[in-house]
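# Next comes the sequence, and after it the predicted model I'd like to discuss.
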Amino acid sequence: MKNELTVNSSAVATPHKHAAASAQAMLERGGNAVDAAVAAVLALCVVTPSSVGIGGYGGSMVVYLAEQRRVAALDFDSRCPLKYAPELFADPAAANFGYLAVSVPAVVAGLDKALREFGTVSFADAAEYAQKIARQGFSLDTKLKRQLEDWRGRTDEVSLRAHFPDGKIPEARQLWVQKDLAALIGILRQQGPAALYHGDVPRRIVQQVTAHGGILCEEDFSSYQPTLVEPIHVNYRGFDIFTPPPPSGGITSLEILKTLEQFDVKGMQPWGAEYLHVLAEAIKLAWADRARFLGDPEFTEIPMEQLLSSESAAARAKKIPLDAATHPVTAADDLGAHTVNVCAVDRHRNIVSLTATQGYLFGSQVVIEGLGLVLGHGISRFDYVAGSPNASAPGKRMHHNMSPTIIMRNGKPYRVFGMPGGPKIVNVATQLIVNSIDFGQSPGAAIMAPRIHSEGGEPLLITNSAKDAMAKLEQMGHRLQREQTVGGPANMIEIDGDRLITASGNGLGAIASIQ
């Protein structure tokens, strides 16, 4: 397929050519998969600031360590500011955009932790390419130009001037130079990533945030730490699936998968009405559990073993009518893709999927003067509904959707994948696994196949590529909302002995190192 590349050494799947170049530079100098993935994400912090940034609110990572033959995971989710008070968010819309929506930036701490635990190069080395393109500039594409124009209408004058001192956004195909961001990356390279969390940099961030009504404080920065976590895992038809635990979103993907295991999916027509119906109903049941149970496990008890058990899966399967749709009240909400993912495999067969985010496009919409730093809006990821396990509280992590995943077969890595897409990540991750295992699709075909999405109710979002099933689904009582795409472009790499099959949903980033 056009979006696939087969190689024999190392491979990286990214959403942008500059991220691919940054990753390849790491591999060519002898770095491993984690080095490459971190370098790629740092480049993305410069060239896709709408989706991820140095000030992004967080992310998660799953990694296979070849020498140890084990899977590990890293959580670098943000935390609610220590000065949080419920009365500040009597109108939940205050959590979406602006200075109140800001939580502590966690991306830099997470990437640094990934390098220190699993990488071989320094943060300074990994960030070299990112600083270079921030300082020298890169050609603004039409997509980012359009996003920046939208951002201009949402942001404040201080933030606009922080990005564009003359108030003018460059035209498409013109260079965008980010001198302040380049200088900030230079500080982090020279003084270490801790400079974002201690001293003058966080002080400057806090000053601007609090001056405009935000609640971030210096202690939020100094107390922040990313966390090594044990991945959660299920066996699905003989394959072992690994993803980070809550507050990452993959537990819902695995719950849907275990429900599907109760059905003969392989015997169903790929992306036919029977399969899509069962999938939709399994999604609805899992999302009901998500709303009931999922939040920060430091604050709320999550019955993970129960949710992922075969017994619970069998009980859920019995609730699924085979010929009629159910209609819970919650409907899908299509906000588009606003996150980045990088997958990498090195010559030693270390494997990583790394996902990081601003939140929605440009996060809080706030940019810090003199630093060129877009701040994420982690506060928006809490639920402002009484009794929710994902309700906000001081120091609490927000439940999110990022679900980087590794599939193992017979104790060996088989595929690694990840994607952007907000809440759709959770459901699409399940579908990528089914496409890989039940339908036997190649990586490129698996990520381009038809998709559906529901957040517990209907209408179902469904890609136009599933047109052959639509009429029958409607006859079964489903309400459909047709979309050109559902979820963001995924990255996937298959490990087949000495051969790597790399796929990127937008075709820009499948690369091989020269080794």
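Arrived safely, thanks for sending.

# How far does stretch 172-190 sit from its chain's centre?
Averaged C-alpha coordinates place stretch 172-190 at 24 Å from its chain's average position (CA atoms, centre = their mean, to the nearest Å).

# Residues in contact with it: which ones?
Residues outside stretch 172-190 that contact it (CB atoms under 8 Å, 6 or more residues apart in numbering) are 42, 46, 54, 108, 123-124, 127-128, 130-131, 134-142, 145, 162-163, 170, 195-196, 201, 370-373. Quick note: C-beta positions are derived from backbone N, CA and C, even for glycine.

# Any of the residues you listed buried? List them.
Taking 16 or more other CB atoms under 10 Å as the criterion, what is buried in the contacts of stretch 172-190 is 42, 46, 54, 108, 123-124, 127-128, 130-131, 134-135, 137-138, 140, 145, 162-163, 170, 195-196, 201, 371-373.

# distance of residue 362 from residue 227?
27 Å (CB to CB, to the nearest Å).

# Show me which of these two is the more surrounded one.
The neighbour comparison of residue 362 against residue 227 (other CB atoms under 10 Å) goes to residue 362, with 27 against 15.

# For the residue nearest to the more buried one when sequence neighbours are not counted, what is the enclosing helix or strand?
The shortest distance from residue 362 to any non-neighbouring residue, by CB to CB, 6 or more residues apart in numbering, is to residue 151 (4.7 Å). Under the criterion of DSSP states H and E, residue 151 resides in helix 142-154.

# Would you mark the buried spots in that helix?
For helix 142-154, the neighbour count (16+ other CB under 10 Å) marks 144, 145, 147, 148, 151, 154 as buried.

# what pLDDT, on average, does that helix get?
Helix 142-154 shows a mean pLDDT of 94.

# Tell me where the model's unsure across this protein.
Along the chain, the parts satisfying pLDDT under 70 run over 1-2, 329-337, 507-515.

# got the CA positions of the longest helix belonging to it in CSV?
Within the chain, and with DSSP state H defining each element, the longest helix by residue count is helix 273-293. Extracted in CSV, the C-alpha atoms of helix 273-293 (Å, rounded to 0.1, in the frame of the first residue of the first chain):
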residue,chain,number,x,y,z
ALA,A,273,-23.3,-4.8,9.4
GLU,A,274,-23.2,-7.8,11.8
TYR,A,275,-19.7,-6.9,13.0
LEU,A,276,-20.2,-3.2,13.2
HIS,A,277,-23.5,-3.7,15.2
VAL,A,278,-21.8,-6.0,17.8
LEU,A,279,-18.9,-3.6,18.0
ALA,A,280,-21.2,-0.6,18.5
GLU,A,281,-23.1,-2.3,21.3
ALA,A,282,-19.8,-3.5,23.0
ILE,A,283,-18.6,0.1,22.8
LYS,A,284,-21.7,1.4,24.5
LEU,A,285,-21.4,-1.0,27.4
ALA,A,286,-17.7,-0.2,27.9
TRP,A,287,-18.3,3.5,27.8
ALA,A,288,-21.0,3.1,30.5
ASP,A,289,-18.3,1.5,32.7
ARG,A,290,-15.9,4.3,31.8
ALA,A,291,-18.3,6.9,33.1
ARG,A,292,-19.0,4.8,36.2
PHE,A,293,-15.5,3.8,37.2
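
# Can you tell me which helices and strands it packs against?
Helix 273-293 sits against helix 250-260, helix 310-318, helix 424-437, strand 452-453, helix 467-475, with contacts defined as 3 or more CB pairs under 8 Å, 6 or more residues apart in numbering; DSSP states H and E.

# contacts for the next helix or strand after it?
Next helix or strand after helix 273-293 toward the C-terminus (DSSP H and E): helix 304-308. Contacts with helix 304-308, where a contact means CB under 8 Å, 6+ apart, come from 232, 234, 245, 246, 251, 254, 255, 258, 289, 293, 312.

# Let's see that with 6 Å instead.
For helix 304-308, contacts defined as CB atoms under 6 Å, 6 or more residues apart in numbering pick out 234, 254, 255, 258, 289, 312.

# Residue 233 sits in which helix or strand?
Taking DSSP H and E as the definition, residue 233 sits inside strand 232-236.

# Neighbouring strands of that strand in the sheet, and parallel or not?
strand 239-243 (antiparallel) (DSSP bridges).

# From the rest of the structure, what touches the partner strand?
Where contact means CB under 6 Å, 6+ apart, the residues beyond strand 239-243 that reach it are 62, 71, 231, 233-234, 250, 403, 405-409, 437.

# centre of the chain versus it, how much separation?
Offset of strand 239-243 from its chain centre (CA atoms, centre = their mean): 18 Å.

# How about stretch 197-204?
The answer for stretch 197-204 is 27 Å, by CA atoms, centre = their mean.

# One more: stretch 464-471?
How far stretch 464-471 lies from its chain's middle: 28 Å, per CA atoms, centre = their mean.

# quick one on the thing from earlier: which of the contacts of stretch 172-190 fall in helices?
Those of the contacts of stretch 172-190 lying in helices (DSSP H): 42, 46, 108, 123-124, 128, 130-131, 134-136, 142, 145, 162-163, 201.

# Return the member of these nearest to residue 17.
For those, the residue nearest residue 17 by CB to CB is residue 46; the value is 12.7 Å.

# Quick one: residues contacting the residue lying closest to the closest one once chain neighbours are set aside.
Distances taken as CB to CB, 6+ apart place residue 134 nearest to residue 46, at 4.7 Å, with adjacent residues excluded. With contact taken as CB under 6 Å, 6+ apart, residue 134 is in contact with 46, 178, 181, 182.

# so where does the last one fall, helix or strand?
Under DSSP H and E, the secondary-structure element containing residue 182 is helix 179-191.

# so how far is that helix from its chain's centroid?
That offset, for helix 179-191, works out to 25 Å (CA atoms, centre = their mean).

# How about it, which residues are buried there?
The neighbour-count check on helix 179-191 (16+ other CB under 10 Å) flags 180, 181, 182, 184, 185, 187, 188, 189 as buried.

# ok, now stretch 214-227?
If you call a residue buried by 16+ other CB under 10 Å, then stretch 214-227 has these buried ones: 214, 215, 216, 217, 220, 221, 224, 226.

# sorry, back to before: not counting the longest helix of the chain itself, show me its contacts.
252, 255-256, 259-260, 263, 268, 302, 307, 316, 320, 328, 389, 427, 452, 454-456, 460, 469, 472-473, 476.

# Now the buried members of these.
Buried members of these, scored by 16+ other CB under 10 Å, are 252, 255-256, 259-260, 263, 268, 302, 307, 316, 320, 389, 427, 452, 454-456, 460, 469, 473, 476.

# which residues of the stretch 301-450 of the chain fall in strands?
Per DSSP state E, counting those that start in this stretch, the stretch 301-450 of the chain carries strands over the ranges 339-345, 351-357, 366-368, 373-375, 405-409, 412-418.

# Switch the ones you listed over to TSV, and while doing so, append distance to residue 496 to every line.
Formatted as TSV, the strands of the stretch 301-450 of the chain follow (distance: least, CB to CB, whole Å):
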stretch	distance to residue 496
strand 339-345	11
strand 351-357	13
strand 366-368	44
strand 373-375	39
strand 405-409	10
strand 412-418	8
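
# Quick check: which of the ones you listed is nearest to residue 119?
The closest of the strands of the stretch 301-450 of the chain to residue 119 is strand 351-357. By CB to CB, the value is 9.6 Å.

# The closest one pairs with which strands, parallel or anti?
If you go by DSSP bridges, strand 351-357 pairs up with strand 58-65 (antiparallel), strand 339-345 (antiparallel).

# Give me the angle between that strand and strand 412-418.
Strand 351-357 and strand 412-418 are oriented at 20 degrees to each other (axes from the mean of the first three to the mean of the last three CA atoms, to 10 degrees).

# what's next to strand 351-357, contact-wise?
Taking CB under 6 Å, 6+ apart as the rule, strand 351-357 contacts 33-34, 37, 41, 52, 56, 59-64, 107, 339-345, 402, 404, 413, 416, 418.

# go with 7 Å
33-34, 37, 41, 51-52, 56-64, 107, 338-345, 376, 402, 404-406, 413, 416-418 (CB atoms under 7 Å, 6 or more residues apart in numbering).
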